[in-house]
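Enquirer: Sharing a sequence plus its predicted fold:
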Amino acid sequence: MRVLIVDDELGIRKTTAIAVETMGYQVVSVPGGVRALKTLETESFDVCFLDLNLGAEDGLDVLDKLLKAAPDMAVVMFTAYATISAAVEAMRKGAFDFIPKPFTPDQIRQVLGKIAKTRSLERRVKQLETQLADESPEIDLSSSEVALQKTLSIAFKAAETPATILILGPSGTGKSVLAREIHRRGAQRDAPFVTVNCPSLSRELLESELFGHVKGSFTGAVVDTLGKVAAAEGGTLFLDEIGEMPLEIQPKLLRLLQEREYERVGEAKPRKATVRVIAATNRNLAEEVKAVHFREDLFYRLNVINVALPGLKDRPSDLLRLAENYLKFFAGRMGKKTTGFSPQVRDAFAAYGWPGNLRELRNVVERAVILAGGTTIELVDLPDNFMRTSPDSAIAVGARVTISELEAEHVRRVIGLAKNLDEAARILGIDPATLYRKRQKLGLM
């Protein structure tokens, strides 16, 4: 690291420089703020040690100017007046740390070690963000559909408030992506975004994951655990598929929303929580309330702002643009020169029901790019069900096809027309579990 020392005492500058140089860092020393700002015009530094009392200059004013000139520079304040108020004011203005005079070389080395570690972690985060960007297509929350534009507008206006938001929509429509974008646009953007997948755990484990537990509260509780509500403190708690949350836990979630309080499993002590809650579900919660599968009071508390994401089949004007975005991403990642879709593929995409929505579109395009032999995606590069549903090869009653092929086509079309899989099962006259098995058997997953 390169270190700038700003102090009007020559002895302090020399002592600090020696401590810094023993760590192998480069040092430049100047006696005041004017010289420091002049130096920053031609040189860059990772760290600055700045005296709070620079004679005629106010160290806090110099701090403001230094941070404007070099926003990424970590500034550590020196002062012979080690008052709490001075330290608080310096940190409020953006100082990284605060060292009272007289100080020892070891204190200098300790704070430099802390800064080096922080910088290393920041670089690692940037590397991971870059790696994630390379592995995932860029998130696209734009739309040519007026209804979806209105939905997104409501969501982004609500993002600026602490209001609870309920996101509705079939699986694969991007509910979790929208939840993250709402968090990113809100006042809590720099705080954690914590996800709880409600259907993934048993009632006992879900309660513990949400609220935490104390040691010995149940078999396997060998240590105290804070839980995800505590982990999301100051940020956003995203409850994915909340329609499947067990009834026994719902009163505790209602208390969290209404009173901003909760208790860990096995503990009677109330804990305060400052979290913004976003929930998502592919279920009709009003119907779940009627069926006594979901608490009515919790439903109304969650339903402060609700936004509904449509299925891909209801976004015809967005379909090709989204497919082309996926194509560009996967072709680039795989080093292939595939640049477009044949007219037959475009027709097949338009005719298909997309029961898996955006998630299915991504998978279909990725598979097609892998299999494509030329610069254009052809019908043969798509899964077999697209071959059967293209306008030129639609299966009709009485056609020379097997019962299995006719059944697969009928099931696919009903799924494409229905709002969700539960409705599709009702139309077909079978229960959801049977529909699930048929989809597996017929290759419609």
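Expert: Done, it's in.
Enquirer: residues in contact with the closest residue to Thr173 other than its chain neighbours?
Expert: Nearest residue to Thr173 in three dimensions, chain neighbours excluded: Leu309, at 4.2 Å (C-beta to C-beta, 6 or more residues apart in numbering). For the C-beta atoms, the positions are set from N, CA and C on the backbone; glycine is no exception. Residues near Leu309 by C-beta atoms under 8 Å, 6 or more residues apart in numbering: 148, 151, 167-170, 173-175, 178.
Enquirer: Could you dump these into a markdown table and include distance to Glu57?
Expert: Below are these laid out as a markdown table (distance: C-beta to C-beta, whole Å):
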| residue | distance to Glu57 |
| --- | --- |
| Leu148 | 56 |
| Thr151 | 54 |
| Ile167 | 53 |
| Leu168 | 58 |
| Gly169 | 58 |
| Pro170 | 63 |
| Thr173 | 58 |
| Gly174 | 53 |
| Lys175 | 54 |
| Leu178 | 50 |
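Enquirer: ok, so of those, who is nearest Asn282?
Expert: Proximity of the contacts of Leu309 to Asn282 (C-beta to C-beta) peaks at Pro170, which lies at 5.3 Å.
Enquirer: Just say helix, strand or coil for that closest one.
Expert: coil (DSSP: H, G, I helix; E, B strand; the rest coil).
Enquirer: Give me the distance between Glu261 and Leu253.
Expert: Applying C-beta to C-beta, to the nearest Å, the value for Glu261 to Leu253 is 12 Å.
Enquirer: which other helices and strands contact the helix or strand where Arg124 lies?
Expert: Here Arg124, judged by DSSP states H and E, is contained in helix 105-135. Helix 105-135 makes packing contacts with helix 10-21, strand 47-51, strand 74-79, strand 97-100 when contacts are defined by 3 or more C-beta pairs under 8 Å, 6 or more residues apart in numbering; DSSP states H and E.
Enquirer: residues in contact with the very next helix or strand once past the first one?
Expert: To tie it back to what came earlier, the one meant is helix 10-21. Heading C-terminal from helix 10-21, the first helix or strand you meet, by DSSP H and E, is strand 26-30. For strand 26-30, the surrounding residues in contact (C-beta under 8 Å, 6+ apart) are 1-7, 13-14, 16-17, 20-21, 36, 39, 43, 45.
Enquirer: Going through those, which ones are buried?
Expert: Using 16 or more other C-beta atoms under 10 Å as the burial test, those include 1, 3-7, 13, 16-17, 20, 36, 39, 45 as buried.
Enquirer: Ile99 versus Arg35, what's the distance?
Expert: From Arg35 to Ile99 the distance is 21 Å (C-beta to C-beta).
Enquirer: who has more neighbours, these two?
Expert: Ile99 (19 against 14; other C-beta atoms under 10 Å).
Enquirer: where do the helices sit along the stretch 101-250 of the chain?
Expert: Assigned by DSSP state H, counting those that start in this stretch, the stretch 101-250 of the chain shows helices spanning 105-135, 146-159, 175-185, 203-211, 228-231, 250-259.
Enquirer: List just the one of these that sits closest to Met334.
Expert: Comparing the helices of the stretch 101-250 of the chain under C-beta to C-beta, the one sitting nearest is helix 105-135, at 12.0 Å.
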